[in-house]
Structures are given as structure tokens and as C-alpha cells.
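**Student:** sequence first, then the predicted structure:
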Amino acid sequence: MSRTGRVERTTKETSVLVEIDLDGTGRTDISTGVGFYDHMLDQLGRHGLFDLTVKTDGDLHIDTHHTIEDTALALGAAFKQALGDKVGIYRFGNCTVPLDESLAQVTVDLSGRPYLVHSEPENMAPMIGAYDTTMTRHILESFVAQAQIALHVHVPYGRNAHHIVECQFKALARALRYAAERDPRADGILPSTKGAL
């Protein structure tokens, strides 16, 4: 059965299309108008082995906030859609990723309950190109709210803002991949004692 999601989100501020295939090969086609964000979403697809298409037209003449936020909301909704009934998945995933001097630790539970714990070094450079580094947490908040997952992201150390953000997206990709993969020992089984996720 195909595990794909497709979400279109249109407001007065943005027009977003996201398509995702959880059982892909990491093929990506990303265009948001925010170069560094495109780079991060590419990391998500490549390292998660998700086929990912993201097309966003936003009010970049104001700033990048609405474009980044609405893309993250649509991505979370598409991810949830692609997960389907969650029968037979591992449900939990974690990954630790270094990027030179930076380290990210990510743990995820595809629980059906949105919750985010996020920490990263303070006093990072405020901008990476047109990307406001305070948006990383907001991206994760928006994604979690729509995907309805519990997500813990911790960056205990790092100096370079590019590395600090990028290792978070790489670790998130792998943790989501591991959690969403089908468990061959749990065919037909929902990984919950409640009978619902």
C-alpha cells in the first residue's frame, strides 16, 4: 500500500504544495524562495529516504516568516497523511548526527500527540542568508502540530549556525525514517496498547 501524502495550503500570504512518499529513495524537488530552507528540506528528504516535493510561493517582500511557517505546517500535514493508520510501523526513532563541531540528538514518537522539546546553543548568528535562525524551533513546532508527533531535539554544543541547524534536520530525517519504517515482526499490529495512535 502506498504511503504518500499531498497537501495544498493557500492563504493570503502563501501558496504551498507538499507531496511526500515515505517509501521513496530520497528524491527531492524543493523551491520555497528561501535558499537555506530549501537546503534543509533537501536534507530531510535525502536522509529520510522520503521522496519530497515542496513548492511554495510566499510574501517574501515582507519577510521569510510566513513562507517558512506555512511550508512546515503543510509538510507536517502531508507526513501525517502519508503515515496512514500506522499499523506495522516501529513508531519510535532516534538518531544522533554530528556535523563538524556541532551535534544533534533527535528522538521521535509517532504518537498522535503533538509535543516538542527543543534546545540549541544560544547566541547563534541570527541569520544564515535570508534564513532567520530563530525559525528552526518554529519550523519544528509547526511540523509537530500538524504531524501530531512527539519530538525531542537537543543540540548540546556547536559554534557554526549553519552546522547547528543542518545537523538538526539530518538527525530529524533519520529519526523520522526509523520511526516510520515497517517492522517485519509487527505486520498487521498497531504499536500501541491503547489500540489507537
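**Tutor:** Received, thanks. Everything numeric in this text was worked out from a predicted model, so none of it was measured.
**Student:** buried set for stretch 84-98?
**Tutor:** Lys86, Gly88, Ile89, Tyr90, Arg91, Gly93, Cys95, Val97 (16 or more other Cβ atoms under 10 Å). (Each C-beta comes from the backbone N, C-alpha and C, glycine too.)
**Student:** show me which pair in these is furthest apart.
**Tutor:** Gly88 and Val97 (26.4 Å; Cβ to Cβ).
**Student:** ok so, going back, export the buried residues of stretch 84-98 to a markdown table and tack on distance to Asp132, secondary structure and pLDDT?
**Tutor:** As requested, those are exported to a markdown table (distance: Cβ to Cβ, whole Å; DSSP: H, G, I helix; E, B strand; the rest coil; pLDDT from 0 to 100):
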| residue | distance to Asp132 | secondary structure | pLDDT |
| --- | --- | --- | --- |
| Lys86 | 34 | coil | 97 |
| Gly88 | 39 | coil | 96 |
| Ile89 | 34 | strand | 98 |
| Tyr90 | 34 | coil | 98 |
| Arg91 | 33 | coil | 98 |
| Gly93 | 28 | strand | 98 |
| Cys95 | 25 | strand | 98 |
| Val97 | 22 | strand | 98 |
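**Student:** out of the residues you listed, which is nearest to Asp21?
**Tutor:** The closest of the buried residues of stretch 84-98, once distances to Asp21 are taken by Cβ to Cβ, is Ile89, at 15.1 Å.
**Student:** my guess is the closest one meets Ile189, correct?
**Tutor:** No: Ile89 lies out of contact with Ile189 (Cβ atoms under 8 Å); the separation is 9.5 Å.
**Student:** find the nearest non-adjacent residue to Ser31, please.
**Tutor:** Excluding its sequence neighbours, the residue lying closest to Ser31 (Cβ to Cβ, 6 or more residues apart in numbering) is Lys55, at 5.5 Å.
**Student:** centre of the chain to whichever strand or helix holds that neighbour, how far?
**Tutor:** Lys55 is located in strand 51-58, with elements delineated by DSSP states H and E. Mean-position distance between strand 51-58 and its chain equals 13 Å (Cα atoms, centre = their mean, to the nearest Å).
**Student:** counting by contacts, list what that strand packs against.
**Tutor:** strand 14-21, strand 28-31, helix 35-48, helix 65-83 (3 or more Cβ pairs under 8 Å, 6 or more residues apart in numbering; DSSP states H and E).
**Student:** can you rerun that using 6 Å?
**Tutor:** strand 14-21, strand 28-31, helix 65-83 (3 or more Cβ pairs under 6 Å, 6 or more residues apart in numbering; DSSP states H and E).
**Student:** can you name the residues bridging to Asn94?
**Tutor:** Under the criterion DSSP bridges, Asn94 forms beta bridges with Thr107.
**Student:** where does pLDDT dip in the chain?
**Tutor:** Scanning the chain for pLDDT under 70 picks out no residues.
**Student:** wait, Leu49 touches Thr28, no?
**Tutor:** No: under the criterion of Cβ atoms under 6 Å, Leu49 is not in contact with Thr28, lying 10.7 Å apart.
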